[in-house]
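**Q** Give the three-dimensional model of this entry:
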Amino acid sequence: MHHEMQPGMMQQKDMIVMEMWEALTDDQKKTLMKRMIDSKILMKEGMIKHFQFKIETMKMVKKMLDEC
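**A** Numbering: from 1, shown residues only. As a prediction, this is how the structure comes out:
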């Protein structure tokens, strides 16, 4: 079940995140930014692997049909 956040709740969450961010040192901010980038890289790599698998499967099906 999907719960939608009300605008007020979202603004409150954003404010808390901003306050937390401001409390961090520059090194901590840099570390978190690197982790966020790493997370995006992992997600994109996962998508690539998924599409490679789908392509391999389609090629297998095509080869099977060609052999008929």
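
**Q** how close does residue 27 sit to residue 47?
**A** Distance, residue 27 to residue 47, using Cβ to Cβ, to the nearest Å: 31 Å. For glycine as for every other residue, the C-beta is placed from the backbone atoms N, C-alpha and C.

**Q** what packs against the helix ranked longest in the chain?
**A** For the chain, the longest helix by residue count, based on DSSP state H, is helix 26-67. Packing contacts for helix 26-67, counted by 3 or more Cβ pairs under 8 Å, 6 or more residues apart in numbering; DSSP states H and E, involve no helix or strand.

**Q** What average pLDDT does it get?
**A** If you average the pLDDT over helix 26-67, you get 97.

**Q** quick check, distance from it to the centre of its chain.
**A** Between the mean C-alpha location of helix 26-67 and the chain-wide mean there is a distance of 10 Å, by Cα atoms, centre = their mean, to the nearest Å.

**Q** cool, and stretch 17-36?
**A** 19 Å.

**Q** Can I get it in PDB, CA atoms only?
**A** As requested, the backbone C-alpha atoms of stretch 17-36 are provided in PDB (Å, rounded to 0.1, in the frame of the first residue of the first chain):
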ATOM      1  CA  VAL A  17      17.800  16.700   6.300                       C
ATOM      2  CA  MET A  18      19.100  20.200   5.600                       C
ATOM      3  CA  GLU A  19      19.800  20.700   9.300                       C
ATOM      4  CA  MET A  20      21.600  17.400   9.500                       C
ATOM      5  CA  TRP A  21      23.600  18.300   6.400                       C
ATOM      6  CA  GLU A  22      24.700  21.600   7.800                       C
ATOM      7  CA  ALA A  23      25.900  19.900  11.000                       C
ATOM      8  CA  LEU A  24      28.300  17.700   9.000                       C
ATOM      9  CA  THR A  25      32.000  18.500   8.500                       C
ATOM     10  CA  ASP A  26      33.300  18.900   4.900                       C
ATOM     11  CA  ASP A  27      34.900  15.500   5.000                       C
ATOM     12  CA  GLN A  28      31.600  13.900   6.100                       C
ATOM     13  CA  LYS A  29      29.700  15.700   3.400                       C
ATOM     14  CA  LYS A  30      32.300  14.500   0.800                       C
ATOM     15  CA  THR A  31      32.000  10.900   2.100                       C
ATOM     16  CA  LEU A  32      28.200  11.000   1.800                       C
ATOM     17  CA  MET A  33      28.300  12.500  -1.700                       C
ATOM     18  CA  LYS A  34      30.700   9.700  -2.800                       C
ATOM     19  CA  ARG A  35      28.400   7.100  -1.400                       C
ATOM     20  CA  MET A  36      25.400   8.600  -3.200                       C
END
